[in-house]
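Chemist: Just need the structure, nothing else, for what follows:
(2 chains)
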Amino acid sequence: MLTTLLLFIPILGGLLLTLIPGTSTTRWQALLLSLVAAALSVYMASSFVPTGGVQFEAKSEWLPTLGIGYHIGADGISMVMLLLTNLLSPLIFLATFKENHDHQGLFYGLMLIMQGAMTGVFVAQDLFLYYIFWELALIPAYFLVLLWGSGQHRKTAMKFFIYTLVGSLLMLVAIIFLSQQWSPASFDISNVYKVNLSPEAETFVLLSFMLAYAIKIPVFPFHTWQPDTYTQAPTAGTMLLSGIMLKMGLYSIIRWVLPIAPNALQQHSQWMIWLIVIGIAYASVIAIQQKDLKRLFAYASIAHVGLIAAGILTVSMEGLMGSMLQMFAHGVNAIGLFYICAILMERTQTNEIAMLGGIRNIAPWFATTYFVVLLGSVALPLTNGFPGEFMLLSSLFKQNWVWSLVAGSGVILGAVYMFKSYQGVMLGETKVSTFPDLDIWDKAVLVPIVIAIILMGLLPSAITRIAQPSIEQLLQSL
Amino acid sequence: MFIGAYKLKKLALPAVLVATLAAFVANLLPQNLQDAPVYSGMLKFDSFAVNFSAVLMGVTLVILILSRRYYRDNHEHLGDIYALFLFSVVGGMIMVGSYNLVMFFVGLEILSIPLYILATSERNNLLSNEAGLKYFLMGSFITVFLLLGMVLMYGMSGSFDFGAISAYLSSTPETPALVKLGVMLIMIAFIFKISAAPFHFWAPDVYQGSPAVIMVFMATVAKTAAFGGFLRFLTQAIAPIGDSFTPLLAVLSALTMTIGNLMALNQNNLKRLLAFSSIANAGYVMLALVGLGANSSSTVLYYMLVYSIANVIAIAVYLTVKESLGSGSIDGLKGLYQSKPLLTFCLVLAMLSLAGIPPLAGFIGKYAVFVDALHNGYAWLVVLAALNSAIGIFYYFRVMRTAFQSAAEGPVTVPYVLGYSAVLVICTLVLLVLGIFPNVVLNGW
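Modeler: I've put the predicted structure just below:
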């Protein structure tokens, strides 16, 4: 029941908001709905008993003749993602409060629908239901880029949509194929997990699922939609995409690919990880050369999530735990980084690193918060990036030390471009005439992020405690 | 029995609407459902015929409401136009209810001939005249094939009756070549009617030229009837040898959807775009025929119903906009969101549904045809269809996107038009309900 509420409060509220014309209170209504969902998810997490099983389950028939049921629930892995989605969403809403968007009703309504749909992806225990939410999350994202983007956003929105849709459609074919292994057809997770596939069929399922996820995450070489989309989307859209939506792909690898196609994955994981770690180094090298701050962060994101994906594909306890931590940390950091871009854009009308400089002298609050977020994303010990990244690299090292070397060089390069960008924007001679320091709205977004970065660095066990039993159970079942 | 309701050919719309509604209800009454053929074995009102007839009449009903506003300046021939609509839908119902090749032919002609006339009903419009003539010439030419096919079937099996043909085919171990030729010829007529490749060339011109309400009638009711009729022929008359035509249907389906989608990419006229979209959709529905099984009829019915409703919505929005701006191109939709968000909402739903994006009804329809085809082992075709759906996104989304662009000449005012808005409300609700509860139609019988 709680899960159903968590799912439909944002979706129905969002639908309502899209239909009524926006007023000055629309943003508050949206924030309120989003906060209700956040409170609900915190309550669920606090009453969650980490046993490894699925809790808060709801199950009823929907389309029995097609084998499709309404089956939702959360185990430890889902729970972490639920927290991530619903705690970050209110921050993302807050981050838009200073901007003045046309069609407020539609803007906030779409964001709420997206929040609900992403929640749906994380709680769906039925493959068909999962697919519906997976696609439902895409529609608002498309409109956010299309209607409130900048630059060549029309083209970009189309490229983004088509790219991700092609992946999803092939996944759909694989999903149909899986459901037909049962007679009558069934999409329920308990049945899907039990499917026995021939090696060829397993490879087919693996590849079509992985293609969809590789595009969504995105990992090299399917990343070409990402820098444009992140750069041209409105701030809120970029935050939703990088902070939460790409985790749908990572989560789905853990939830569906590992249990359904473990043998095929074992065969193919070698070249996949190779591709990903090369992508990490590649994205880092490109990031160093970026002149635009938002674009730099976009490439940095490819490197970071590539490491998470590689860790998951090692199918080891360390890799999976590290990925859970790092998914959460990346979400928090990405929102912080892109909010910093938005602040710069608002006050200087540019994200060009060369045009900025010396801001630290006139805006100490901004300089400090930016620096903490930066430390988090270069994974300094005692920040949230460290435990996850450490575990991920160590899981790669245990299987092939060359991987950890290549991926590790990406991490080192990460420190280089991050600090270089900080140097360019904040230090040196002051090139901007005026730069007001953080106001109350900025603090409302950045202070919670800074707190989260430090708290998670000190106490990563808050997250590992929830996820660990489920991951152990998953690994045993393979 | 329900055809009798049509004898009341009053001139006013209310009478026509009431008659259609009465027929719709009468059609669904349990007494109507009987498994034995009636009228000397000519028609058979089994659940298949009843359900298809219900969809035909339901869609006709909303199109009639549209046409009242559309033909508001045409007082002289209004009665004729309504009568022709009704004749046509009766033809469609005869087709889906036929249990005899002769009746099948009669139904097809009753369906088509009024359409030839209706296509030209805008007498001052050159394009409309051209559309009617083109449709008539092509249509009557194709009829010859159908007749020849029927004659061949009769010659070999000795009967026009579906049951007798089926019995003959299952008792003949080796199917004579002439029967195969006959089926092929009948299939040509069917492929022409649903505007599938390679007989699709008439559709874009005819759809573009015809008045919008006629166009939507052709794209929805006439097509549903053609699919229903052919499905009946496949399942009840030539079921024993139906499988031997599956590969051919698969190839035609692949061709149809690819051609339809690729050609639609560069269209600027909304009606023409919908014409190519309807070709592409015919290709998808043919997947259900390729994967002919127990579920096929409900799949086809569901798909055609959802597709029809989305088309009606698109046309209703188009008409509302056209009334105040007078432009038939997609660019005419510019600025729609600023002046009428709700109208845009309907359009977006229709386009998303046509593009097959979950959780809209169009997605469930596509999913159902994919499953049917996969059951029969046509994985390559399903993959191709999935890729085709991705191509479809391009043009459906272009329509949608245009509505959100701001108009060059500042904000436009598009007043709501009662007749069109009523249809929009009904259709949007039905579309949403069908998306969330597809069981109402799908596999419901």
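Chemist: When you work out contacts or count neighbours from here on, use the C-alpha atoms and nothing else.
Modeler: Noted.
Chemist: Near chain B, which residues of chain A are found?
Modeler: Within chain A, the residues that sit near chain B (C-alpha under 8 Å from any C-alpha of the partner chain) are A:19, A:62-63, A:65, A:132-133, A:135-136, A:146-147, A:158, A:162, A:165-166, A:169-170, A:173, A:176-177.
Chemist: quick check: mean pLDDT across the helix or strand hosting residue B:337?
Modeler: Secondary structure assigned from DSSP states H and E places residue B:337 in helix B:336-339. Summarised as a single mean, pLDDT over helix B:336-339 is 79.
Chemist: Give me the next element, helix or strand, following it.
Modeler: helix B:341-355.
Chemist: Just the C-alpha atoms of that next one, please, in CSV.
Modeler: Output of helix B:341-355 as CSV, limited to C-alpha atoms (Å, rounded to 0.1, in the frame of the first residue of the first chain):
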residue,chain,number,x,y,z
PRO,B,341,-3.3,23.5,-23.7
LEU,B,342,-6.1,20.9,-23.4
LEU,B,343,-6.4,20.5,-27.1
THR,B,344,-2.6,19.9,-27.2
PHE,B,345,-3.0,17.4,-24.5
CYS,B,346,-5.4,15.4,-26.6
LEU,B,347,-3.1,15.6,-29.6
VAL,B,348,-0.1,14.5,-27.6
LEU,B,349,-2.0,11.5,-26.3
ALA,B,350,-3.1,10.6,-29.8
MET,B,351,0.4,10.9,-31.2
LEU,B,352,2.0,9.0,-28.3
SER,B,353,-0.5,6.3,-28.8
LEU,B,354,0.1,6.0,-32.5
ALA,B,355,3.8,6.0,-31.9
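Chemist: does that helix come close to chain A?
Modeler: Yes: on the criterion C-alpha under 8 Å from any C-alpha, helix B:341-355 is in touch with chain A at B:341, B:342, B:345.
Chemist: so what secondary structure elements neighbour that helix?
Modeler: Applying 3 or more C-alpha pairs under 8 Å, 6 or more residues apart in numbering or on different chains; DSSP states H and E, one finds that helix B:341-355 contacts helix A:2-19, helix B:296-325, helix B:336-339, helix B:361-375, helix B:379-404, helix B:418-436.
Chemist: Can you list the low-confidence ranges for chain B?
Modeler: B:1-17, B:19-20, B:26-36, B:38, B:40, B:74-76, B:326-327, B:408-413, B:443-445 (pLDDT under 70).
Chemist: Next to chain A in this structure, residues from it, please.
Modeler: Residues of chain B lying close to chain A by C-alpha under 8 Å from any C-alpha are B:341-342, B:345, B:357-359, B:371, B:374, B:382-383, B:386-387, B:390, B:393-394, B:401, B:404, B:437-439, B:443.
Chemist: Just give me the neighbour total for residue 365.
Modeler: With no chain named, the answer covers chain A. If you count neighbours by other C-alpha atoms under 10 Å in any protein chain shown, residue A:365 ends up with 16.
Chemist: The intended chain is chain B.
Modeler: 28.
Chemist: give me every residue that touches it.
Modeler: Residues in contact with residue B:365 (C-alpha atoms under 8 Å, 6 or more residues apart in numbering or on different chains) are B:299, B:302, B:303, B:306, B:356.
Chemist: Let's see that with 10 Å instead.
Modeler: The neighbours of residue B:365, taking C-alpha atoms under 10 Å, 6 or more residues apart in numbering or on different chains as the test, are B:284-285, B:299-307, B:353-354, B:356, B:434-435, B:438, B:442.
Chemist: now residue A:78: how far from residue B:373?
Modeler: 34 Å (C-alpha to C-alpha, to the nearest Å).
Chemist: Please say which of the two ends up with more neighbours.
Modeler: residue B:373 (25 against 22).
Chemist: Isn't that one up against residue B:254?
Modeler: No: the pair residue B:373 / residue B:254 is not scored as a contact, 11.9 Å apart, by C-alpha atoms under 10 Å.
Chemist: shared neighbours, the two?
Modeler: B:284, B:286, B:287, B:380, B:381, B:382.
Chemist: Who are the contact partners of residue A:300?
Modeler: A:227, A:280, A:283-288, A:294, A:306, A:334, A:377-378, A:410-411, A:413-414, A:417-418.
Chemist: In what element of secondary structure is it found?
Modeler: Here residue A:300 is assigned to helix A:293-313, by DSSP H and E.
Chemist: roughly how far is that helix from the heart of the chain?
Modeler: 11 Å (C-alpha atoms, centre = their mean, to the nearest Å).
Chemist: which is the next helix or strand following it?
Modeler: Taking DSSP H and E, what comes next after helix A:293-313 is helix A:317-348.
Chemist: Okay, angle between that next one and helix A:293-313 too, please.
Modeler: Here the directions of helix A:317-348 and helix A:293-313 differ by 170 degrees (axes from the mean of the first three to the mean of the last three C-alpha atoms, to 10 degrees).
Chemist: Could you check the helix or strand following helix A:317-348 and say which residues are buried?
Modeler: With elements assigned by DSSP H and E, the helix or strand that comes after helix A:317-348 is helix A:359-362. Neighbour-count burial for helix A:359-362 flags A:359, A:360, A:362 (criterion: 16 or more other C-alpha atoms under 10 Å in any protein chain shown).
Chemist: just the CA coordinates of the helix or strand harbouring residue A:394, formatted as CSV?
Modeler: Assessed by DSSP H and E, residue A:394 sits inside helix A:385-399. Taking Å, rounded to 0.1, in the frame of the first residue of the first chain, the C-alpha atoms of helix A:385-399 are listed here in CSV:
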residue,chain,number,x,y,z
GLY,A,385,32.8,9.3,-3.3
PHE,A,386,35.6,7.5,-1.6
PRO,A,387,34.2,4.2,-0.1
GLY,A,388,32.3,3.4,-3.3
GLU,A,389,35.1,4.2,-5.7
PHE,A,390,37.6,2.3,-3.6
MET,A,391,35.4,-0.8,-3.5
LEU,A,392,34.8,-0.6,-7.2
LEU,A,393,38.4,-0.3,-8.1
SER,A,394,39.4,-3.1,-5.8
SER,A,395,36.7,-5.4,-7.3
LEU,A,396,38.2,-4.7,-10.7
PHE,A,397,41.7,-5.3,-9.4
LYS,A,398,40.9,-8.7,-8.1
GLN,A,399,39.8,-9.9,-11.5
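Chemist: Strands of the stretch 101-250 of chain B, residue ranges please.
Modeler: Taking DSSP state E, counting those that start in this stretch as the criterion, the stretch 101-250 of chain B carries no strands.
Chemist: re the thing from before, in helices, which of the contacts of residue A:300 fall?
Modeler: Counting by DSSP state H, the part of the contacts of residue A:300 found in helices is A:227, A:280, A:283-288, A:294, A:306, A:334, A:377, A:410-411, A:413-414, A:417-418.
Chemist: about what we covered before: list just the nearest of the residues of helix B:341-355 next to chain A to residue A:351.
Modeler: residue B:341 (33.8 Å; C-alpha to C-alpha).
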